[in-house]
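# Pasting the sequence and the predicted coordinates here, then a few questions.
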Amino acid sequence: MRQRGISKQELEITLEKGWEALDAKQGTQGKTYVFDYSGTWAGKPYEEKEVTVYYKIADGDLILLTAKARYGRDFNRKRGT
C-alpha cells in the first residue's frame with residue numbers, strides 16, 4: 001500500500017464507505033472510494049485519488065488481496081459505476 005500511496009485510514013474508509021468495484025473478479029469483492037487529494041504524487045500535482053480495495057471473506061475474516069490508487073481529477077463518484 002505504501003508504494004501506491006494508500007494509507008491505512010484510506011483503506012478503512014474505502015471498505016466502510018466505498019461502493020462496489022464492478023471490475024472485481026469472480027469470487028473476489030471490491031470497494032472503490034474517491035478522496036479529495038490536492039497533493040503531489042510522483043512529482044505531479046493531483047486533485048483526487050481513487051482507491052480500490054480487493055478482498056475475500058473467509059471464515060468471517062476479511063483477507064486483503066490488493067489495493068490500487070489512481071491519481072487524477074473528475075473521477076466518477078457515483079456508486080456502482
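Cool, the structure landed. Numbers count the residues shown, from 1 in each chain.
# where does this structure have low pLDDT?
Low-confidence segments of the chain (pLDDT under 70): 79-81.
# Can you show me the strands along it?
The residue ranges that make up the strands of the chain, judged by DSSP state E, are 19-20, 29-41, 44-58, 61-72.
# Tell me the helices and strands packed up against the second one.
Put plainly, it is strand 29-41. helix 8-17, strand 19-20, strand 44-58 (3 or more CB pairs under 8 Å, 6 or more residues apart in numbering; DSSP states H and E). (Each C-beta comes from the backbone N, C-alpha and C, glycine too.)
# Please pick out the residue of the protein most distant from its centre.
Here the chain reaches farthest from its C-alpha mean at residue 59, the gap being 23.4 Å by CA atoms, centre = their mean.
# rewinding a little: for residue 1, find the nearest of the strands of the chain.
With respect to residue 1, and counting by CB to CB, the nearest of the strands of the chain is strand 61-72 at 5.4 Å.
# List the buried residues for the closest one?
With burial defined by 16 or more other CB atoms under 10 Å, the residues of strand 61-72 counted as buried are 67, 69, 71.
# Name the residues that touch it?
1, 4-6, 11, 14-15, 28, 37, 41, 44, 46-57 (CB atoms under 8 Å, 6 or more residues apart in numbering).
# Buried ones among those?
Burial by neighbour count, 16+ other CB under 10 Å: within those this picks out 1, 5-6, 11, 14-15, 37, 46, 48-55.
# need the contact list for the closest residue to residue 7 other than its chain neighbours.
Spatially, and ignoring its direct neighbours in sequence, residue 7 is nearest to residue 1 (7.5 Å; CB to CB, 6 or more residues apart in numbering). Taking CB under 8 Å, 6+ apart, we find residue 1 in contact with 7, 8, 11, 67.
# same check, this time on residue 36
Under the criterion of CB under 8 Å, 6+ apart, the neighbours of residue 36 are 47, 48.
# Repeat that for residue 30.
20, 21, 23, 24, 52, 53, 54, 55.
# Kindly present the contacts of residue 1 as CSV, with separate columns for distance to residue 33.
Converted to CSV, the contacts of residue 1 look like this (distance: CB to CB, whole Å):
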residue, distance to residue 33
7, 12
8, 14
11, 10
67, 11
